[in-house]
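1. no FASTA, just this:
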């Protein structure tokens, strides 16, 4: 075994995870590659060619890197646990009138646990991924911090990783920019990876049609929820919609309705199968409740308030807010109105570049 130790690298077949493996290999670690098979799109009745981290092409790309560099590569089939947890949650959240974030859920509750279990079996001290983020120590705590390349920063997606998992995790790309990753791949002859298009869609919905996925997943759903009312905030009915699970807060396109001014979904009401519409001014809220939290930089902040920059979705720049912990819930008061705070999405609290913690948005106010 290498003096530096043995590390299990999550390899999706893309450029980032491949360069992650290359870097650790060149630094003298004993690398073992692992590609996780999370989903078989054909089983959902889709008609598009399978793409992304679960496809045969991606598995072969990961294996080719391992073969070129001379380290072992394995495939880990986690389709059953992925489906039971991530896809069931995805479906149930939409049916509850919320908008889920399956990629965050998968990262923090499936992939890390699956990697660590297999790392133990293979005698690996560490696991590594190609996320653009950093890990540092704050007193006796492990903390996720923003990556150097802020355009690619993925710290938002990692708020749920436990302290135990972070203590064994390496994120080699945290100090690098995407341009540097591409150059490293080019210099080492992995030009196919440089030219490979990146995948941004949900792995089990490569056609980005979540409505179609829900309809296939829940037979009879379309007939059950079709014909609910579009209403304004004052209760006025202004039209019929296709069913509350097929809409999300902040949505403007695909409403099939014209009121003479720009309208957005401002609320989804499961109980009455109503979708509330309004002008952009009605999207703004100045507070929210967050639950199912994972605290990272501090074990908790009970009994005190903390000034943070809080993100309510991945592409959100973050807004100044005061957070106050009350038991296992966090109350967030923004200094200014924030648009489209969406139940079911993740809220992540930052202090500088450090992730204080995060949780799931339960409601806005």
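-> Looks like it arrived, so ask away. Here the structure is a predicted model, which is why all the values come from computation and not from measurement. Numbers count the residues shown, from 1 in each chain.

2. ok, which stretches of the protein are helices?
-> 15-26, 56-69, 79-82, 88-95, 102-106, 112-121, 163-166, 178-187, 191-195, 210-217, 221-225 (DSSP state H).

3. Can you add distance to residue 149 and mean pLDDT and give those helices back as a markdown table?
-> Glycine gets a C-beta too; all of them are placed from N, C-alpha and C. Shown next, in a markdown table, are those (distance: least, C-beta to C-beta, whole Å; pLDDT from 0 to 100):
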| stretch | distance to residue 149 | mean pLDDT |
| --- | --- | --- |
| helix 15-26 | 11 | 96 |
| helix 56-69 | 21 | 91 |
| helix 79-82 | 28 | 90 |
| helix 88-95 | 29 | 96 |
| helix 102-106 | 19 | 90 |
| helix 112-121 | 22 | 94 |
| helix 163-166 | 20 | 96 |
| helix 178-187 | 6 | 96 |
| helix 191-195 | 16 | 89 |
| helix 210-217 | 29 | 95 |
| helix 221-225 | 40 | 96 |
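
4. would you list those helices in JSON lines and tack on mean neighbour count and distance to residue 329?
-> Output for the helices of the chain, formatted as JSON lines (neighbours: other C-beta atoms under 10 Å; distance: least, C-beta to C-beta, whole Å):
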{"stretch": "helix 15-26", "mean neighbour count": "23", "distance to residue 329": "35"}
{"stretch": "helix 56-69", "mean neighbour count": "18", "distance to residue 329": "39"}
{"stretch": "helix 79-82", "mean neighbour count": "16", "distance to residue 329": "28"}
{"stretch": "helix 88-95", "mean neighbour count": "18", "distance to residue 329": "18"}
{"stretch": "helix 102-106", "mean neighbour count": "22", "distance to residue 329": "19"}
{"stretch": "helix 112-121", "mean neighbour count": "17", "distance to residue 329": "24"}
{"stretch": "helix 163-166", "mean neighbour count": "15", "distance to residue 329": "20"}
{"stretch": "helix 178-187", "mean neighbour count": "16", "distance to residue 329": "37"}
{"stretch": "helix 191-195", "mean neighbour count": "15", "distance to residue 329": "43"}
{"stretch": "helix 210-217", "mean neighbour count": "18", "distance to residue 329": "28"}
{"stretch": "helix 221-225", "mean neighbour count": "15", "distance to residue 329": "30"}
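
5. Looking at the ones you listed, which is nearest to residue 273?
-> helix 221-225 (5.9 Å; C-beta to C-beta).

6. To residue 317, which of the helices of the chain lies closest?
-> Counting by C-beta to C-beta, residue 317 lies closest to helix 102-106 out of the helices of the chain; the figure is 17.8 Å.

7. Run the chain-centre distance for the closest one.
-> Offset of helix 102-106 from its chain centre (C-alpha atoms, centre = their mean, to the nearest Å): 4 Å.

8. quick one on the thing from earlier: closest to residue 318 out of the helices of the chain?
-> Closest to residue 318 of the helices of the chain is helix 102-106 (C-beta to C-beta; 15.9 Å).

9. what about this structure, any weak spots by pLDDT?
-> 1-2, 41-54 (pLDDT under 70).

10. Report the contact partners of residue 198.
-> Applying C-beta atoms under 8 Å, 6 or more residues apart in numbering, we find residue 198 in contact with 14-15.

11. what about 10 Å?
-> Counting by C-beta atoms under 10 Å, 6 or more residues apart in numbering, residue 198 makes contact with 14-16, 52, 178.

12. same check, this time on residue 303
-> For residue 303, the contact set (C-beta under 10 Å, 6+ apart) comprises 324-326.

13. Out of the helices of the chain, which gets nearest to residue 38?
-> Between residue 38 and these, the shortest separation by C-beta to C-beta is 4.3 Å, and it involves helix 79-82.

14. Quick one: distance of that closest one to the chain centre.
-> Centroid separation for helix 79-82 versus its chain: 17 Å, with C-alpha atoms, centre = their mean.

15. Which elements pack onto it?
-> Under the contact criterion of 3 or more C-beta pairs under 10 Å, 6 or more residues apart in numbering; DSSP states H and E, helix 79-82 touches strand 30-37, helix 102-106, helix 112-121.

16. try it again with 6 Å
-> Using 3 or more C-beta pairs under 6 Å, 6 or more residues apart in numbering; DSSP states H and E, no helix or strand is in contact with helix 79-82.

17. outside of it, which residues touch it?
-> By C-beta atoms under 6 Å, 6 or more residues apart in numbering, the surrounding residues in contact with helix 79-82 are 37-38, 110.
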